[in-house]
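1. show me the folded form of this:
(chains A and B)
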2 protein chains.
Amino acid sequence: MKFNPVIEHLKVYEPGKPIELVVREFGIDPKDIVKLASNENPYGCSPKVTQAVQESAHLMYRYPDDSMMALKAGLCERFGIDDDQLIIGAGSDQVIEFACHAKLYGGAKILQSEITFAMYQIYAAQCGATVIKSPGIAHDLDAMYALYKEHEPEIIFICAPNNPTGDSLDRIDIENFIERIDHDTLVVVDGAYQEYAAFKDPNKAIDPAALIQKFPHVLYLGTFSKAYGLGGMRIGYGIGSTEIIRSLYKLRPPFNVTTLSLVAAEVALNDQEFVTMAIEDCFKQMEDYKAFALEHQIEAIESYTNFITYRLDGITDSTYIADALLRQGIIVRDLKGYGLNAIRITIGKAEENQRFFNVMKQLLNSGQE
Amino acid sequence: MKFNPVIEHLKVYEPGKPIELVVREFGIDPKDIVKLASNENPYGCSPKVTQAVQESAHLMYRYPDDSMMALKAGLCERFGIDDDQLIIGAGSDQVIEFACHAKLYGGAKILQSEITFAMYQIYAAQCGATVIKSPGIAHDLDAMYALYKEHEPEIIFICAPNNPTGDSLDRIDIENFIERIDHDTLVVVDGAYQEYAAFKDPNKAIDPAALIQKFPHVLYLGTFSKAYGLGGMRIGYGIGSTEIIRSLYKLRPPFNVTTLSLVAAEVALNDQEFVTMAIEDCFKQMEDYKAFALEHQIEAIESYTNFITYRLDGITDSTYIADALLRQGIIVRDLKGYGLNAIRITIGKAEENQRFFNVMKQLLNSGQE
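-> Residues are numbered from 1 along each chain as shown, chains lettered A, B, ... in the order given. All right, here's what the predicted structure looks like:
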C-alpha cells in the first residue's frame, strides 16, 4: 500500500517492554525499583487530586466537557489571560503537534537547539519539515539568530528550562531574541518546567500573559505533567494570541483530554501548597546531587528543573552506567541518543536518591567495564 | 501570521457551554436532566472498572506504559490477532486521524456515505483531502462502488452499524464490496457499535481477524466508548495488516492514552458480563421506543446500536423538538446538521426513557410551534 511519502522517512516507533518489567527480569523486587527516568514528581500528585478523581471515577462513561469550561476558567484566572488565548491539549505535546500542523507545509523548516526536547523534531518530521539545529549543549541565541536569518524557519522552539539538560535561559535574553524575530515566524516557548525555574531564580521566570502581550507571534506551553504530578493524565496547555489559538483550535480533535484528566487538572491547579512543597523538596534534594557530583569530579549542569544531568566525559560511559544502574533496579535516562555522554536523573525522594548515590558510588569506584 | 492554507478552510470549532449548564439555565435541577445525546452506556462502566481506577488513581503521576502491553495482550487474545496487527488510540477517533495523515496528501480523496460519522470528513479536511459522498440515508454500496471507480479515493469509510442512523450493512455485503476494491485503497470499517449489532443479528457481526486476514487493505476500528462505557476515557483501537499498523504507528504520539484509561480498558475487557447485561437491556428498552414510534406514526430506523433515530418528516421539525425537549431537561441529538429532519435518541435506562416518552408525547400532541 502506498502511504504519504513523508511517513516513509519516519522511524517506526518500536515500543519496548515496560522498563520496570526489564528490571524485574534481573530478579529485582518491584518494590525495590527506583524510577528516576521520566521527570515525574516523586510525591505523585496532590492527595486532593487523587480523592477528586476517585470520587469522579463513576463518570468515566460520560464524554468530557469539550468546552473545558472549569479548567479554562482556572487557568485564565491563574495567568490573567482571556479564554480565547488558551488551548488545552493531551499534554503540551499535543499543542506542539497542533502548532506543527498549523505552520509546517510544503518544505517548511523549524529551528531548535541541538540538544532539546525530542518531540519538536518528531512532530516537525511528520509534517515533512526540515529541522535546523543550533550547535552546543545549551541554547545559543546568537547562533540561533544567525540560523534564523539564513533559513527563515516557520517555527523556532525555545525550551526554558531546557530538557534534557536542566539549564535555562534568562527571561530577558529570550525576550531580546524574540524581539528580533519577524511576526510571521511562530516562536514556541516551552515552559514545561517553569514552576521549578521560577521558584529557584526570578530571572528565569516567564509570565505567559506578559510574554504574549509583548509578542503576538509567541506560543507559550505549560503542562500538568511535571510539578503538578499528572504525567499519566496527558494534560497541558498553550497560551498565545487569539489569532494563533484560533488556528490551533481548528486542528484540535473534540474530546482531546479525558473526563478524569479535566477533574485532576482543575483540582491540581488549586492545590499550590502541594506543588510548592514538592518543588522545595526537589531543590533541597538536588543539593545532595550537587555534592555527590563534586565529590566524584562529575560535571553536573546547573538545573532549574526536577532533574539533574551528570556529564561523564573523562569519567565513564553513560550507557555503561545507565545499564549497570538498571541491573540494580535504578532507572535513569542515558543521554547518548542526544549525542551526550551524560545521564539525566530525576530528583526523587531522599531514600530513592540515597539508593542512587550508593550504587553510583560503587560503580564509579569499581571503574568502567 | 501565515498558516497552512489547508486550515484556513477549516471551520473554527466553537466550543459551547456544557449542555447540562444550558439546561440548568432553564431552572432545571441537575438531577432531573436526562442526557440521551451522546450514545453513552446508561449503566456507565462496569463497577469493577470504577474500582480498579479508584485503586490506581495514585498512579496518575506516572507516565503510561507506552507499550500498552497488558491491554494489547488482552485485545490480541480477544480477537485472535497478533500484537503487530493492533494499534491503540485516544478513542478510535485518533486511529481515524492516523489513517488520514498516513494516506491523504497532495489532492487526495476520501469516499463515504452522505450521512455517517462526522469525524471522517473532519480529519480528511485537515489533510486537505476532498470528500466524495454516496447519496442516501443508508450506505449505498453500488453507488459507492461507482464513485470509487470514478474518483479513485485513497480511503473509503464504511460505518457498520452506521452513526447517526443506527442501521447496519450485512457483513457479507461489506465483504463483497471490499473484494472489488484495489489493494492500494484503504478501506476503514468502523465497528464502534459492533458489540450491539453482533448481539442482535449475526449477519451484521464482523470478526476483525477474519476480515483483515481476507483483506490486507482493511483497517477495522473498535472502541471502549460505547458498550464498555468508557467514552470519557478516550480509548479505542485499530486492527489491520502489519503493513498498515506499522505506518499508523509512525504517526502515533508517545503516551497517547492515559495511565487510567489503560487500567480502565484492561479491566473492562474482562467484564463481558457487564457488557452483555447493558446490551440486553438496551435492546429490551428499544422495544418501547419502537412501540412509541408506531403509536405516533414516526418512522424509526431499525437500529443495531444503542440509539434510535426518529425521522420526523410530515410530523414536526427536529430542531423544534430537540429544543423543546431541552427546555424540559431532556437532551437528544438533532440531526438537522446532517441534513436529516430527525432526532437521535440514546437508549437510556427505563426511567429515563419514560421521561422522554412523556415529554415527547406532550409535544407531539400540542402540535408544532
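
2. doesn't A:Ile115 fall inside a strand?
-> No. Per DSSP: H, G, I helix; E, B strand; the rest coil, A:Ile115 lies outside any strand segment and is coil.

3. who's in contact with it?
-> A:Gly136, A:Ile137, A:Asn162, A:Pro164, A:Thr165, A:Leu335, A:Tyr338, A:Gly339, A:Leu340 (CB atoms under 8 Å, 6 or more residues apart in numbering or on different chains). (C-beta placed from N, C-alpha, C; glycine too.)

4. name the residue of the stretch 101-250 of chain A with the shortest distance to chain B.
-> A:Gly232 (3.0 Å; CB to the nearest CB).

5. now the contacts of A:Ile115: which count as buried?
-> A:Ile137, A:Asn162, A:Pro164, A:Thr165, A:Leu335, A:Tyr338, A:Leu340 (16 or more other CB atoms under 10 Å in any protein chain shown).

6. residues contacting the fourth one?
-> Looking back up the chat, that one is A:Thr165. When contacts are counted by CB under 8 Å, 6+ apart, A:Thr165 is found next to A:Ile115, A:Ile137, A:Ala138, A:Ile301, A:Thr309.

7. could I get the full set of strands for the stretch 101-250 of chain A?
-> Counting by DSSP state E, counting those that start in this stretch, the stretch 101-250 of chain A has strands at residues A:109-113, A:130-134, A:155-159, A:186-190, A:218-223, A:236-240.

8. packing partners for the second one?
-> In this structure, strand A:130-134 packs against strand A:109-113, helix A:119-126, helix A:141-151, with contacts taken as 3 or more CB pairs under 8 Å, 6 or more residues apart in numbering or on different chains; DSSP states H and E.

9. just want the angle from that strand to strand A:155-159.
-> With axes from the mean of the first three to the mean of the last three CA atoms, to 10 degrees defining the directions, strand A:130-134 sits at 40 degrees from strand A:155-159.

10. adjacent strands (with direction) for strand A:130-134?
-> strand A:109-113 (parallel) (DSSP bridges).

11. send the alpha carbons of the partner strand over as PDB?
-> Presented in PDB, the C-alpha positions along strand A:109-113 are these (Å, rounded to 0.1, in the frame of the first residue of the first chain):
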ATOM      1  CA  LYS A 109      11.700  24.400   8.400                       C
ATOM      2  CA  ILE A 110      11.900  24.500  12.200                       C
ATOM      3  CA  LEU A 111      14.800  25.800  14.200                       C
ATOM      4  CA  GLN A 112      15.800  24.400  17.600                       C
ATOM      5  CA  SER A 113      18.800  23.900  19.800                       C
END
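
12. hmm, who's touching it?
-> The list of residues contacting strand A:109-113 from outside it, by CB under 8 Å, 6+ apart, reads A:100, A:104, A:120-121, A:124, A:129-134, A:136, A:138-140, A:144, A:147-148, A:151-159, A:162.

13. then stretch A:21-37?
-> A:16, A:19-20, A:307, A:326-333, A:344-348, A:352-353, A:355-356, B:62, B:69.

14. at 6 Å what do you get?
-> A:Glu20, A:Arg327, A:Gly329, A:Ile330, A:Ile331, A:Val332, A:Arg333, A:Ile345, A:Thr346, A:Gly348, A:Glu352, A:Arg355 (CB atoms under 6 Å, 6 or more residues apart in numbering or on different chains).

15. buried residues in it?
-> Neighbour-count burial for stretch A:21-37, counted by 16+ other CB under 10 Å, picks out A:Val23, A:Arg24, A:Ile28, A:Ile33, A:Val34, A:Lys35, A:Leu36, A:Ala37.

16. quick one: which of those residues is nearest to chain B?
-> Nearest to chain B, judged by CB to the nearest CB, of the buried residues of stretch A:21-37 is A:Lys35 at 8.0 Å.

17. now do the closest one, the pLDDT please.
-> On pLDDT, A:Lys35 comes in at 92.

18. separation between it and A:Ile331?
-> Here the distance between A:Lys35 and A:Ile331 works out to 5 Å (CB to CB, to the nearest Å).

19. and the helix or strand of chain A with the lowest mean pLDDT, how far out from the chain middle?
-> Ranked by mean pLDDT, DSSP states H and E, the helix or strand of chain A with the weakest confidence is helix A:19-25, at a mean of 79. Centre-to-centre, helix A:19-25 and its host chain are 24 Å apart (CA atoms, centre = their mean, to the nearest Å).

20. same thing with stretch A:80-90?
-> Distance, stretch centre to chain centre, for stretch A:80-90: 19 Å (CA atoms, centre = their mean).

21. which residues touch that stretch?
-> By CB under 6 Å, 6+ apart, stretch A:80-90 touches A:68, A:72, A:75-76, A:95, A:209, A:234, A:236-239, A:242, A:245, A:248, A:256-257.

22. show me what from the stretch 1-150 of chain A comes close to chain B.
-> A:1-4, A:7, A:10, A:12-13, A:15, A:18, A:38, A:40-41, A:44-45, A:50, A:53-54, A:57-58, A:60-67, A:93, A:102, A:105 (CB under 6 Å from any CB of the partner chain).

23. may I see the PyMOL selection of the buried members of those?
-> The buried residues among the residues of the stretch 1-150 of chain A next to chain B can be selected in PyMOL (16+ other CB under 10 Å) with this line:
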select buried, chain A and resi 1+3+4+7+10+18+38+40+41+44+45+50+53+54+57+60+61+62+63+64+65+66+67+93+102+105
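
24. tell me how chain A divides into domains.
-> As recorded under automatic domain parsing, the domains making up chain A are A:5-45+A:273-365, A:47-270.

25. and the ones you listed, which is most packed in?
-> Each of the domains of chain A was scored by mean neighbour count; the highest is domain A:47-270, a mean of 21, by mean count of other CB atoms under 10 Å in any protein chain shown.

26. got the contact list for A:Ala143?
-> A:Ser134 are the contacts of A:Ala143 under CB under 6 Å, 6+ apart.
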